[in-house]
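Engineer: My questions concern the predicted model and sequence given below.
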Amino acid sequence: RDLVQLLADQQAEAAADRIRAAAEVDALRLRSENADAYAQHPALLRLQELESLATLSRNAQARAGIRAVADRIVERAEAALLAERTDQAVAALELARNIQADHPRLAFLDAQLQRERERLQLTQAREVDTRLRTVLQQVNQRMEAGRLLLPVGQSARDALLEAKRLDPTEPAVMQGLRDL
């Protein structure tokens, strides 16, 4: 009986090695930004096999394989965050979470991702504000020049409509539209 168990464990370890190697290669090749594409990817199917093997046989090598794959994907998420590719970081973090939900780096990277999103929102808000100020200057220049409605595309009205598109709640825009 011990010999049978030993052979079964050796076969399980060999299978885990093959699956781990294939899953690592596949995980590194994942490039899609679409999280749904990950669900159908062969690497995940191999990882599911690896997880089943780890659970059924309590195979340490299979569990190590799962950790190694999750580590690689977490590294990819970190690299995407550093490169400011948040969509890729999100997809990689979700994949890592599907592979190893208790990975020690996930909470930290989730916090980093949230900070990056907040930073991007602030940057976008500043850009909109800068553009709005520029358009409002154009409105004033065009009003002073007497170009209230004409020429089309170069009038104060056109600039006000652009400003309204940028920020419909801006008091200067609402006042300018009333004054026009």
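Structural biologist: The structure has been received and is ready for your questions. Numbers count the residues shown, from 1 in each chain.

Engineer: so where's this protein uncertain?
Structural biologist: 1-63 (pLDDT under 70).

Engineer: 80 instead, please
Structural biologist: Applying pLDDT under 80 to the chain flags residues 1-66, 69, 99, 180.

Engineer: just the helices in it please.
Structural biologist: 2-29, 35-39, 42-57, 60-82, 86-99, 106-144, 156-166, 171-179 (DSSP state H).

Engineer: name the helices or strands packed onto the fourth one?
Structural biologist: Just to be clear, that refers to helix 60-82. Packing partners of helix 60-82 (3 or more Cβ pairs under 8 Å, 6 or more residues apart in numbering; DSSP states H and E): helix 2-29, helix 42-57, helix 86-99, helix 106-144. C-beta here means a position set from N, CA and C on the backbone, and glycine is covered the same way.

Engineer: and the angle from it to helix 86-99?
Structural biologist: Helix 60-82 runs at 160 degrees relative to helix 86-99, counting by axes from the mean of the first three to the mean of the last three Cα atoms, to 10 degrees.

Engineer: List the buried residues in helix 60-82.
Structural biologist: Judged by neighbour count using 16 or more other Cβ atoms under 10 Å, the buried positions of helix 60-82 are 61-63, 65-66, 69-74, 76-78, 80-81.

Engineer: Then the last one?
Structural biologist: The neighbour-count criterion (16+ other Cβ under 10 Å) identifies Val173, Gly176 as the buried residues of helix 171-179.

Engineer: and the gap between the nearest residue in space to Leu160 that is not next to it in sequence and Glu162?
Structural biologist: Closest residue in space to Leu160, ignoring its immediate chain neighbours: Gly176 at 4.9 Å, by Cβ to Cβ, 6 or more residues apart in numbering. Note on Gly176: its distance to Glu162, by Cβ to Cβ, to the nearest Å, is 11 Å.

Engineer: Ok, Leu132 next?
Structural biologist: In this view, Leu132 and Glu162 are 9 Å apart by Cβ to Cβ.

Engineer: Give me the contacts around stretch 142-157.
Structural biologist: By Cβ atoms under 8 Å, 6 or more residues apart in numbering, the residues outside stretch 142-157 that reach it are Gln138, Val139, Asp158, Ala159, Gly176, Leu180.

Engineer: ok, the fifth one - contacts?
Structural biologist: Residues touching Gly176, when contacts are defined by Cβ under 8 Å, 6+ apart, comprise Leu136, Val139, Ala156, Leu160, Ala163.

Engineer: The first one contacts Gln175, doesn't it?
Structural biologist: No. With contact defined as Cβ atoms under 8 Å, Leu136 and Gln175 do not form a contacting pair (10.4 Å).

Engineer: Surely Arg76 is in contact with Ala91?
Structural biologist: No. Counting by Cβ under 8 Å, Arg76 stays clear of Ala91, with 9.3 Å between them.

Engineer: can you list residues touching both of these two?
Structural biologist: Contact criterion Cβ under 8 Å, 6+ apart; residues shared by Arg76 and Ala91: none found.
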